[in-house]
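Peer 1: I would like to see how this sequence folds:
(2 chains)
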Number of protein chains: 2
Amino acid sequence: MSDPTRIEADYLIETAAEPAAAAEAMAGEQSSGTFVAVPGETPELKARAAARVEALEVVGTVDAPSLPGAVAPKAGGGWQRARVTLSWPLDNIGPSLPNLVATVAGNLFELRAFSGLRLLDLRLPTAFADRYAGPKFGVAGTRRLAGVEGRPLIGTIVKPSVGLSSAATAELVGTLADAGIDFVKDDELQSDGPSCPFEARVEAVMRVVERAADRHGRKCMVAFNLTGDIDEMRRRHDFVFAKGGTCIMASLNAVGFAGIVELARHTALPLHAHRNGWGALSRAPALGWSFPAWSKLWRLAGCDHMHVNGLANKFSESDDSVIVSARSLGDSLFEASPMRAMPVFSSGQTVRQVAGTWAALGSPDLIYAAGGGIVAHPHGVAAGVTALREAWDAAMAGIPIETHAQTRPALAAALGAYKA
Amino acid sequence: MSDPTRIEADYLIETAAEPAAAAEAMAGEQSSGTFVAVPGETPELKARAAARVEALEVVGTVDAPSLPGAVAPKAGGGWQRARVTLSWPLDNIGPSLPNLVATVAGNLFELRAFSGLRLLDLRLPTAFADRYAGPKFGVAGTRRLAGVEGRPLIGTIVKPSVGLSSAATAELVGTLADAGIDFVKDDELQSDGPSCPFEARVEAVMRVVERAADRHGRKCMVAFNLTGDIDEMRRRHDFVFAKGGTCIMASLNAVGFAGIVELARHTALPLHAHRNGWGALSRAPALGWSFPAWSKLWRLAGCDHMHVNGLANKFSESDDSVIVSARSLGDSLFEASPMRAMPVFSSGQTVRQVAGTWAALGSPDLIYAAGGGIVAHPHGVAAGVTALREAWDAAMAGIPIETHAQTRPALAAALGAYKA
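Peer 2: Numbering: from 1, shown residues only, chains lettered A, B, ... in the order given. Take a look at the predicted model:
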């Protein structure tokens, strides 16, 4: 961050106009500009409040516009892509997260000058760190509560996503906790459905979790999905805390920035952030948000764990994108307050993606969540957990997984069941 | 709504697979499905909790996938588009707005089976109307507070967007209020910036608004942008109310669903909903959200006024899309509780778009907001307001605007200044 009093944002733009002129228009639209000159728009005001184009680099051209509704090129012209950095004076909005969103990701995506516009990254003045505390737990706090050091937390998701009663959920979690799993999360489709009420589920699940903790000497971390209205989320958090639970989960796009800020201020437990709906914001390559920019705002808001998908996932995201996302959670938001979040790998994960994940990330500070990759293990759930742990042991020791499996039946069976 | 116990959502899908099979996979992903069969996934559970494909109609084929990362067609195959209706048992989530979002717009957009997926519309069981009150004011309440009947509210936006002090903002609003304007809104970039603090702005603005109200016998409605953290928004609402203000404004995408629900429950004033950032969710035609689906959720949450852009706007949206959006706000959400919101037309609006807006909408129940279209009128702001009122009088009486302008200098000057 060159200037501690300015907010900076990087964008990919695509335009049929001169990119520099289009970038200036974009800066105007998101600060002091109007489409007709108005009386109050003085040079002094512009000097104080205008957004600035800090950098611009043309990165390529395309034959057709990525998005509809844009101004067409002049005869013979085409569409150019550029990487642009804009900056705003902090004093336009003050260190307010919701107003930051309206400023860096507001009425921009619709602009007719652009046939593509995507927010790539963000840099914020430290005033934001004074106002928002970021993750209260992060990696260290999560490890402390889960009792796991030096390796990833092996996790799973309660499946089927919906349809299990509280008792059936507890039975499943009990089996997993007995099997030595580190982390379990509710599905994002299950919060407080009448067929599986939140409090009944927490009560039933924590009973089996505490029983397993007594045996194992460490407590399996369960992320209870408390997604709901503000008062419900506060009340549900308090209930989880009172019952000895160690994690809460919320759906970011369903709750929104102001709600997550409120929940993060209130929580005494790590906040496991689910990104369902993220595809709508990101899947069109020339539109919306990149994960590094988007997740920085949620880290600032206070999210401890962020979903990043996984290698060879069942969704449409590429492995490169997954790794860029996961790494970005380790970037410092502020020098004195890095606000790092713990990446959560999931979606079709088995023992097969462990070596690649370790090779790409080079850190064990993550949650590795498998659904079918654990519960569909041919020898049962306990063998499923064991196999994943063994796969991580092998990867971190630099031992080929097949070699490691030779003397380890759970891992060998997993390699047989989950094909590359 | 055929079945009062099920949630229904319509989607546009694009897929290289058999559309019916892809729709079934989509229903599975958003309910009881897993990518590997798991022990708890019984037929009874599926019967209780599974989403159902209610309807499917193939609507066309495309030569290339709209989005990257999708499964490719088999040799010789292509991509088909279909309109699909899914339904879910209400008991999966109960009548919870945030959990509804995670269900109908969660982990769907990323699915590899689809090269396009867009949420088109929604129908909800009445249990949602028992839980969420919808708009507290709507058209009737807004008209009552603004003292305007039988014609649109003529509105404007404080411009420049940022950079004006509280005193300068009040001076501008004073001029507008003296000119007889019905409605003024803050820019979405200005909430509580250190250069224009919220409370100082409200205080200064309401002083001039009350003075003008004393003269005119009706109070100009000012939508104060209180976007911020939850506690700030509540406090700012109370401040506006205490100072005699009659409207609050918030940026939907910056605050989020849970925050807007909380604010809407708290408010004693109409909630003016700004949709900045909407382009990221909607501009890729085969991805994200359509406005009718999206705005229904915000109406349920309690938004009284919703931005819909305007005809011949400065953004990339087509006129057809603007009119579909505006009309959809008048659709009943529930038979006994329609929860209609008031459309706000804006973006490059002048006297030129009035006749077309009236012809397309056939209702005066709207806010017609012009920025430059008022303040850049050659005879000044008062003439700018007068010209817009005269343009609406003409349109609603079926008189060509040029004819009406022959004896009306303000309208004549506007036609000269703002070219078709």
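
Peer 1: Quick check: can you list the domain ranges of chain A?
Peer 2: According to automatic domain parsing, chain A comprises the domains A:6-131, A:138-417.

Peer 1: deepest of these, which one?
Peer 2: Highest mean neighbour count of those: domain A:138-417, a mean of 22 (counted as mean count of other C-beta atoms under 10 Å in any protein chain shown). In this view, the C-beta of every residue, glycine as well, is placed from N, C-alpha and C.

Peer 1: A:Leu56: which element?
Peer 2: A:Leu56 belongs to strand A:52-62 when assigned by DSSP states H and E.

Peer 1: Give me the mean pLDDT for that strand.
Peer 2: On average, the pLDDT along strand A:52-62 is 97.

Peer 1: likewise stretch A:281-294?
Peer 2: 98.

Peer 1: picking that back up, can you flag the weakest of the domains of chain A by average pLDDT?
Peer 2: Minimum mean pLDDT among the domains of chain A: domain A:6-131, a mean of 92.

Peer 1: three-state assignment of the spatially most central residue of chain A?
Peer 2: Centrality entry for chain A: nearest residue to the mean C-alpha point is A:Met306, 3.5 Å, by C-alpha atoms, centre = their mean. With DSSP: H, G, I helix; E, B strand; the rest coil as the basis, A:Met306 sits in strand.

Peer 1: Find me whatever residue is spatially closest to it, sequence neighbours aside.
Peer 2: Distances taken as C-beta to C-beta, 6 or more residues apart in numbering or on different chains put A:Ala341 closest to A:Met306, at 4.7 Å, once the chain neighbours are dropped.

Peer 1: wait, doesn't the one you found sit right on A:Ser295?
Peer 2: Yes: between A:Ala341 and A:Ser295 there is a contact under C-beta atoms under 8 Å: 7.0 Å.

Peer 1: what residues are shared contacts of the two?
Peer 2: Residues touching both A:Ala341 and A:Ser295 (C-beta atoms under 8 Å, 6 or more residues apart in numbering or on different chains): A:303, A:306, A:329.

Peer 1: Thought A:Gly330 was touching the second one, still the case?
Peer 2: Which is A:Met306. No: if you go by C-beta under 8 Å, A:Met306 and A:Gly330 don't touch, sitting 11.0 Å apart.

Peer 1: Check which helices and strands the helix or strand hosting A:Trp392 is in contact with.
Peer 2: Here A:Trp392, judged by DSSP H and E, is contained in helix A:381-397. Counting by 3 or more C-beta pairs under 8 Å, 6 or more residues apart in numbering or on different chains; DSSP states H and E, the packing neighbours recorded for helix A:381-397 are strand A:153-157, helix A:166-178, helix A:354-361, helix A:372-375, helix A:401-405, helix A:409-417.

Peer 1: nearest to chain B, of the ones you listed?
Peer 2: For the helices and strands packed on helix A:381-397, proximity to chain B was assessed by C-beta to the nearest C-beta; helix A:372-375 is nearest, at 2.8 Å.

Peer 1: Rebuild the domains of chain A as TSV, extending it with distance to B:Pro160.
Peer 2: As requested, these are exported to TSV (distance: least, C-beta to C-beta, whole Å):
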stretch	distance to B:Pro160
domain A:6-131	4
domain A:138-417	26
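
Peer 1: wait, which of these is closest to B:Arg201?
Peer 2: Closest approach to B:Arg201 among the domains of chain A (C-beta to C-beta): domain A:6-131, 13.1 Å.
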